[in-house]
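J.: Sequence first, predicted coordinates after that:
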Amino acid sequence: RHGVSRGAARNAQTMCDNSPRRLMGRRSYHGKREYPPRNHGRGAIPCILAPSLPKPLSLGSHPATMQHSPLLEHQQAQGARVTETQAGTIVLAHTEVPTEYLAGKTSCSLIDASTSGAIRILGTEAPAFLHRLLANHVLPLKPGEGNPNLLLSSKGKVQARFDLFREEEGFRLDTPQGEAASLITTLDMYLFGEDVELQDLSADCAPLLLGGPRAQEIAEQVVGPLTHQVETRDWQGFALRISPAECAGDSGLRLDAGPKGCLPLWQALQSAGATPLGRVAENSLRVEALRPRWGVDINDEIYPAEARLDNEFNLDKGCYIGQEVAAKIDTYGGLNKQLFCLALDTDDPLPLGTRLTREMDGETRDLGLITTWAYSFQLDQAVALGYIKKRHQEVGTEFQVGETGATATLLKGVPLRAIQGIWGASQP
């Protein structure tokens, strides 16, 4: 049941073009309408990509720094459909969204993450410094190993989210777009004369992500055999860094040949069989996997357990900032809300922050909000990620969706389809 309904195709048109025309024509691999339509209009996308949410029970505003991919000109020349946001230009789709989705699910997807950042941390006291700050393991890691990690506030909420790797001469933190500089500032606040040096490597980074069951096969066709360790090797005269990463809600690879090597690497991976993935298909895969995105589904007002980041913090590593709060939540179950996937009975895209309510005892109760809208090809209907207050988290619970007249039905708090598994979940 991977077909695309008339409503989904119509709303995908809205996402890529403000024209009132309704798409009825071009065929996708399903033999149905293309999703989204294949035209190159760059009209405004609806607020499914808005940068901020209303309060209360919101994610707040955490806009990323405006950046543009070094691949953007090439991608647009190849027919990519884009939209402008406060964080820069986002590619909605490279080809037909069902084709991109299917590649991410059954073959190999390729995501442009070239605007991401990185930090290097050096110094004899760097291991101890990071270990007492970060929520996941640091000291047990050997060179070439890493894990997804968090920096929490004293109240136990997520201040920063990144991937941490041990290197021969220190540590590397791979960060979301626009977050490296602010993370350096935050880490510097905890330094009191220790032998620790913080370096921003973002200008030298331009990573690409590979995901799907054929990701390793495609990568090895292009760059040679992989060692399952973080490594840097020569590739066509470029220093290529290879590391594990989360890709569209599942385990994947990060390949970084720097800004100058980004385009040849992108073209080589595509020629080997990787399918470029735009934000629309990426959201479909990510929402089905029940995985949040920093700055959209999660930011510094969220506890890690609320966003289901269980693989990114550890309660057994000893003391760290926010550990006491995280342990108390784990022991006493103190979560007021948690991230769930909801099925929608409308195909209309929904704004971030759309309220979820129920009529109870003669009054309307505000019980949650939507953070990401997507179309699930697994369920053949629109779905959303959203935070739901406790005592209203029973599967099948129905909510009114803002003022739309639509209904959202709570699904199980597990992925909607089988995934390979998020990297780092089995770290010590």
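T.: Yep, it's here.
J.: Quick check: the gap between residue 217 and residue 168.
T.: 29 Å (Cβ to Cβ, to the nearest Å). C-beta coordinates here come from the backbone N, C-alpha and C atoms, glycine included.
J.: more neighbours, those two?
T.: In this view residue 217 and residue 168 are compared by other Cβ atoms under 10 Å, and residue 217 has more residues nearby, 15 against 6.
J.: Does residue 177 touch residue 114 like I think?
T.: No. If you go by Cβ atoms under 8 Å, residue 177 and residue 114 don't touch, sitting 9.3 Å apart.
J.: Comparing the two, which residue is more hemmed in?
T.: Taking neighbours as other Cβ under 10 Å, residue 177 and residue 114 compare with residue 114 leading, 24 against 20.
J.: Identify the spatial nearest neighbour of residue 89, chain neighbours not counted.
T.: Excluding the flanking residues, the one nearest residue 89 by Cβ to Cβ, 6 or more residues apart in numbering is residue 82, at 5.1 Å.
J.: Which of the helices and strands in this structure ranks last by mean pLDDT?
T.: Within the chain, judged by mean pLDDT, DSSP states H and E, the helix or strand with the poorest mean is helix 6-16; its value is a mean of 43.
J.: on that earlier part again, wait, what's in contact with the residue nearest to residue 89?
T.: Contacts for residue 82 were tallied using Cβ atoms under 8 Å, 6 or more residues apart in numbering; they are 42, 72, 75, 76, 89, 90, 91, 92.
J.: count of neighbours near the fourth one?
T.: The reference is to residue 76. 15.
J.: Which secondary structure state does it sit in?
T.: Three-state assignment for residue 76 (DSSP: H, G, I helix; E, B strand; the rest coil): helix.
J.: Leaving out chain neighbours, which residue sits closest to it?
T.: Nearest to residue 76 is residue 82, by Cβ to Cβ, 6+ apart, at 6.6 Å.
J.: Touching, residue 240 and residue 256? I think so.
T.: Yes. When contacts are counted by Cβ under 8 Å, residue 240 is listed as touching residue 256 (7.0 Å).
J.: and the residue nearest to residue 76, how far is that from residue 170?
T.: Taken as Cβ to Cβ, the span from residue 82 to residue 170 is 37 Å.
J.: Can you name the element that comes right after the helix or strand containing residue 287?
T.: Here residue 287 sits within helix 279-288, counting by DSSP states H and E. Per DSSP H and E, the first helix or strand lying C-terminal to helix 279-288 is helix 323-332.
J.: packing partners for that following helix?
T.: Of the remaining helices and strands, those touching helix 323-332 by 3 or more Cβ pairs under 8 Å, 6 or more residues apart in numbering; DSSP states H and E are strand 146-152.
J.: Which secondary structure elements does the strand it packs on sit against?
T.: By 3+ Cβ pairs under 8 Å, 6+ apart, strand 146-152 packs against strand 158-167, helix 180-189, strand 238-247, helix 323-332.
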